[in-house]
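Peer 1: what shape does this take:
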Amino acid sequence: MLILAGIVLLHITTIILLLVATLDNAWWMTDKLSTDVWGRWVLQGNDWHYKELNLADYPEEYLQVVQATSVLACIFAILALFVFVAQLFTLGKGQRFTFSGILQMLSCLCIMIAASVYTSEFKFRQEGGFGHSYVLAWISFILTFILAVTYIVLRKKSD
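Peer 2: As a prediction, this is how the structure comes out:
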């Protein structure tokens with residue numbers, strides 16, 4: 001029962017990390033700029049102002065890939081949790097949680113693609129560094145991979 005609770009808690013934590021990585025505005029940070037995959041916040045005076053992303057710095061095709069795969073990673077992770085809970089009640093004893101594992105592996109693949117494309121394709125001309133949302137995307141990749149392997153290996157207890 002503790003293992004089951006740990007898996008569900010890890011899965012919920014992973015979903016939260018994926019959502020924060022996708023929605024928060026901190027993929028690239030400077031002192032006066034905060035950028036995510038949806039827009040850019042610029043500090044002017046004492047106020048932060050939202051601006052559209054400059055397509056010269058962000059090629060639209062790559063930006064759409066990052067946006068789409070980030071959202072898909074969230075969707076697949078949430079679906080995997082619901083399927084896992086459903087499989088707890090419907091799987092026969094001794095069977096594996098393969099479908100949950102496949103959905104989680106798709107989530108893992110999507111967030112890896114999003115973070116990899118963001119890393120390789122966006123050339124930043126200003127000072128700064130990757131923000132916490134970018135780091136959370138890579139942490140989410142690791143956690144979704146661990147969960148996917150766990151689901152694929154895990155068998156429903158036969159007692």
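Peer 1: quick check: mean pLDDT across the host helix or strand of residue 11?
Peer 2: If you go by DSSP states H and E, residue 11 is part of helix 2-23. Average pLDDT, helix 2-23: 90.
Peer 1: what residues sit buried inside that helix?
Peer 2: The neighbour-count check on helix 2-23 (16 or more other C-beta atoms under 10 Å) flags 7, 11, 14, 15, 17, 18, 19, 21, 22 as buried. Where you see a C-beta, it was placed from the backbone N, CA and C, and this is true even at glycine.
Peer 1: so how far is the first residue of stretch 46-63 from its last?
Peer 2: One end of stretch 46-63 to the other measures 29 Å (C-alpha to C-alpha, to the nearest Å).
Peer 1: quick check: phi and psi at residue 27.
Peer 2: Backbone torsions for residue 27, taken as degrees, to the nearest 10, come to phi -90, psi -40.
Peer 1: starting at the chain centroid, how far to the helix ranked longest in the chain?
Peer 2: Looking across the chain with DSSP state H, the single longest helix is helix 60-90. Centroid separation for helix 60-90 versus its chain: 8 Å, with C-alpha atoms, centre = their mean, to the nearest Å.
Peer 1: cool, and stretch 2-15?
Peer 2: Stretch 2-15 has its C-alpha centroid displaced from the chain centroid by 16 Å (C-alpha atoms, centre = their mean).
Peer 1: buried sites along the longest helix of the chain?
Peer 2: Quick answer for helix 60-90 (16+ other C-beta under 10 Å): 63, 65-66, 69-74, 76-81, 83-84, 87.
Peer 1: taking helix 60-90 as reference, get the angle to whatever helix or strand comes next after that helix.
Peer 2: Using DSSP H and E, the helix or strand that follows helix 60-90 in sequence is helix 98-121. Put simply, helix 98-121 runs at 160 degrees to helix 60-90, going by axes from the mean of the first three to the mean of the last three C-alpha atoms, to 10 degrees.
Peer 1: so how far is helix 98-121 off the chain centroid?
Peer 2: So, by C-alpha atoms, centre = their mean, the centroid of helix 98-121 is 8 Å from its chain's centroid.
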